[in-house]
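1. Next come a sequence and a model predicted from it.
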Protein chains: 2
Amino acid sequence: MTPPPQPQPPAAPADFSINQMTVKQLALPELVAACADFGIRGVGLWREPVREYGVEAAAKLVRDAGLTVTTLCRGGFLTAAEPAERARALADNRAAVDEAAALGTDTLVLVCGGLPPGDRDLPAARARVGTALAELAPYAAARGVRLAVEPLHPMYAADRSVVSTLAQALALAAPFPAERVGVCVDTYHLWWDDTVPDALVRAGAAGRLHAFQLADWTTPLPHGALTGRGRLGDGAVDFPRWRRLMAAAGYAGPVEVELFNEELWAQDGREVLAETVRRYAEVCGPHAC
Amino acid sequence: MTPPPQPQPPAAPADFSINQMTVKQLALPELVAACADFGIRGVGLWREPVREYGVEAAAKLVRDAGLTVTTLCRGGFLTAAEPAERARALADNRAAVDEAAALGTDTLVLVCGGLPPGDRDLPAARARVGTALAELAPYAAARGVRLAVEPLHPMYAADRSVVSTLAQALALAAPFPAERVGVCVDTYHLWWDDTVPDALVRAGAAGRLHAFQLADWTTPLPHGALTGRGRLGDGAVDFPRWRRLMAAAGYAGPVEVELFNEELWAQDGREVLAETVRRYAEVCGPHAC
């Protein structure tokens, strides 16, 4: 018997980037090999698997393959009020900046963190994120790394990100030069918000659109609401509209597909990757917009 | 053996109202009796159990007990694009208005509805809600019923309410006189939004704060994200702050506690009610604010 043919997607569009989390079942060398096979030029990496593989070794692997590391995910969790915890978080973020620089990416995505246990003061927690950015931005700038504040869906406001809207992310970035602090736009988190189109225009004009990530919104949400990000085309997000909005805001950078999805993680990683490219071409390609 | 003593909460604060859904394990007569026992003066009713009991019979029951029906939940689901479905939805909403009038409440809460299946056009769906309000508002006004548009948490934007923010709800209400169309403010849905304080001031000044509901935000969210509304004090919501915000916006009406919570539904309804009153007095009473 001959083995089943390997899935072959259409060659990936030039701006397509695969976020490592989408196919976390692939070890880093497998992911890099699959990217070569499928003509994928960009990859968004995560700190944990990179550190497990070794930061320098990972950097060499992607560099030798000619891959662009579009982002490193993720720093952040900057809302602690307690001084020792706060110092620990800042040290960890400096390490994340170092890792980003070593990997040759210009963008570190920040998930800002939720409320500390027992704390109910959202405005104060958001203010602490701003203070932390002031400490981190010069450190990152000196290493050629931009900080991209990612607003997360409001359903994560308590435990993951007190930054819930693009407007809040832009307000946090505003005190800093655009090439130091900007935003990461993710359709999964922002698709519902009617203030986004105006905020995107502002962000683009200010040069603060540092990263763009895609996932679809599907229901019902799973327990914990973390791992239900849908494949492009399965849910409620109007991707052609998002492409137009981003283009109108002047964004011409890479587009990462980042899915947290238990079902996909249980499947063959190369097949998931092939299908992801196929769907990206379908919902975001030149025919779709 | 003597039976265990019935739980006796402190007498309910004058503005406390219990939303029927919080203790849906209590049949309507049991709920009315418990309200009398605990000094509760207001109740928010739901259409399904009211119709099951009989609208006229339910009206007599609450009237004879001296209870104020603070709201009827709920009309809405006004986003259908297909004409027959749209006509059905409008007819059902007129029936809801009639039921509200029969129950003697001045406020019908509207949950506006999600995207129709396969539809991804949020702005158009929101616009259809506005068109439907224009058809319903005169009908409701003629029967002395106000329509209270309830923004639901953005995690329900796809399948339950394309109206996700107080600003959107106010924009939908704006074309109508304030005594016809206003908003229902629910902490569970709006707690995360930093634009709420300003929007509340605008809503109050315009006379559009028609209802106020409380639930706490607890994590992790359950599968489906529908039945995880926390008891007051268990989660991330800063209730004293909300009380101050509503007071500053000029709201002096009843405050409904509305919890959808599987755990609470599995418990003794009178005990849940007693505990709900106790917690309301604790987090929203004069000592808390």
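-> Structure received.
2. can you list the residues of chain A near chain B?
-> When proximity is defined as Cβ under 8 Å from any Cβ of the partner chain, chain A approaches chain B at A:115, A:120-123, A:126, A:153-155, A:157-159, A:164-165, A:167-168, A:191-195, A:217, A:219-225, A:235-238, A:241. Bear in mind the C-beta positions are built from the backbone N, C-alpha and C, glycine included.
3. how about a cut-off of 7 Å?
-> A:115, A:120-123, A:153-155, A:157-159, A:164, A:168, A:192, A:194, A:217, A:219-225, A:236-238 (Cβ under 7 Å from any Cβ of the partner chain).
4. Pull up the distance across stretch A:249-260, start to finish.
-> Taking Cα to Cα, to the nearest Å as the measure, stretch A:249-260 stretches 27 Å from start to finish.
5. May I see the buried residues of that stretch?
-> By neighbour count on 16 or more other Cβ atoms under 10 Å in any protein chain shown, the buried set for stretch A:249-260 is A:249, A:251, A:253-260.
6. Show me which of these is closest to residue A:269.
-> Closest approach to residue A:269 among the buried residues of stretch A:249-260 (Cβ to Cβ): residue A:259, at 12.1 Å.
7. Could you double-check that that closest one sits in contact with residue A:23?
-> No - counting by Cβ atoms under 7 Å, residue A:259 stays clear of residue A:23, with 8.7 Å between them.
8. Quick one: classify residue A:94 as helix, strand or coil.
-> Assigned by DSSP: H, G, I helix; E, B strand; the rest coil, the conformation of residue A:94 is helix.
9. And for the closest residue to it other than its chain neighbours, the neighbour number?
-> Nearest residue to residue A:94, sequence neighbours excluded (Cβ to Cβ, 6 or more residues apart in numbering or on different chains): residue A:139, at 5.6 Å. When neighbours are defined as other Cβ atoms under 10 Å in any protein chain shown, residue A:139 has 15 of them.
10. May I have the phi/psi pair for residue A:139?
-> Dihedral pair for residue A:139: phi -60, psi -50, per degrees, to the nearest 10.
11. Check the contact between it and residue A:95; I expect there is one.
-> No - using Cβ under 7 Å, residue A:139 is not in contact with residue A:95, being 10.6 Å away.
12. Residue A:52 versus the spatially most central residue of chain A, what's the distance?
-> Central residue of chain A (Cα atoms, centre = their mean): residue A:213, 5.5 Å from the mean position. Distance of residue A:213 to residue A:52, given as Cβ to Cβ, to the nearest Å: 22 Å.
13. what does residue A:174 give?
-> 36 Å.
14. Residue A:161 now?
-> For residue A:161, the distance to residue A:52 equals 25 Å [Cβ to Cβ].
15. okay, these two: which has more neighbours?
-> Higher neighbour count among residue A:161 and residue A:52: residue A:161, with 29 against 12, using other Cβ under 10 Å.
16. which residues touch that one?
-> A:111-114, A:151-152 (Cβ atoms under 7 Å, 6 or more residues apart in numbering or on different chains).
17. Contacts only, for the residue nearest to the centre of chain A.
-> Contact analysis of residue A:213 by Cβ under 7 Å, 6+ apart lists A:19, A:184, A:186, A:256, A:258.
18. Tell me the residue of the stretch 1-150 of chain A that sits nearest chain B?
-> Nearest residue of the stretch 1-150 of chain A to chain B (Cβ to the nearest Cβ) works out as residue A:120 at 4.1 Å.
19. thought that residue was touching residue B:238?
-> Yes - using Cβ under 7 Å, residue A:120 is in contact with residue B:238, at 4.1 Å.
20. Touching, residue A:149 and residue A:172? I think so.
-> Yes - with contact defined as Cβ under 7 Å, residue A:149 reaches residue A:172; the gap is 5.4 Å.
21. So which of the contacts of residue A:161 is the closest to residue B:43?
-> Closest to residue B:43, out of all of the contacts of residue A:161 and judged by Cβ to Cβ, is residue A:114, at 34.8 Å.
22. wait, what's in contact with the closest one?
-> Applying Cβ under 7 Å, 6+ apart, the residues contacting residue A:114 are A:79, A:157-162.
23. out of these, which are inside strands?
-> Using DSSP state E, the subset of the contacts of residue A:114 located in strands is empty.
24. could I get those as JSON lines with pLDDT?
-> Converted to JSON lines, these look like this (pLDDT from 0 to 100):
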{"residue": "A:79", "pLDDT": "98"}
{"residue": "A:157", "pLDDT": "98"}
{"residue": "A:158", "pLDDT": "98"}
{"residue": "A:159", "pLDDT": "97"}
{"residue": "A:160", "pLDDT": "98"}
{"residue": "A:161", "pLDDT": "98"}
{"residue": "A:162", "pLDDT": "98"}
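25. Nearest to residue B:145 among the residues you listed?
-> Comparing those against residue B:145 with Cβ to Cβ places residue A:157 closest, at 33.8 Å.
26. Now that closest one. Nearest residue, chain neighbours left out?
-> residue B:192 (3.8 Å).
27. just so I have it, where are all the helices in chain A?
-> Counting by DSSP state H, residue ranges of the helices within chain A are A:28-38, A:47-53, A:55-64, A:83-103, A:122-142, A:166-173, A:187-190, A:196-205, A:239-248, A:262-265, A:269-284.
28. just checking, what packs against the last one?
-> For helix A:269-284, the packing partners by 3 or more Cβ pairs under 7 Å, 6 or more residues apart in numbering or on different chains; DSSP states H and E come out as strand A:16-19, helix A:28-38, helix A:239-248, strand A:255-257.
29. same thing but 10 Å
-> Where contact means 3 or more Cβ pairs under 10 Å, 6 or more residues apart in numbering or on different chains; DSSP states H and E, helix A:269-284 is packed against strand A:16-19, helix A:28-38, strand A:209-214, helix A:239-248, strand A:255-257, helix A:262-265.
30. pLDDT (mean, whole number) over that helix?
-> For helix A:269-284, the mean per-residue pLDDT is 96.
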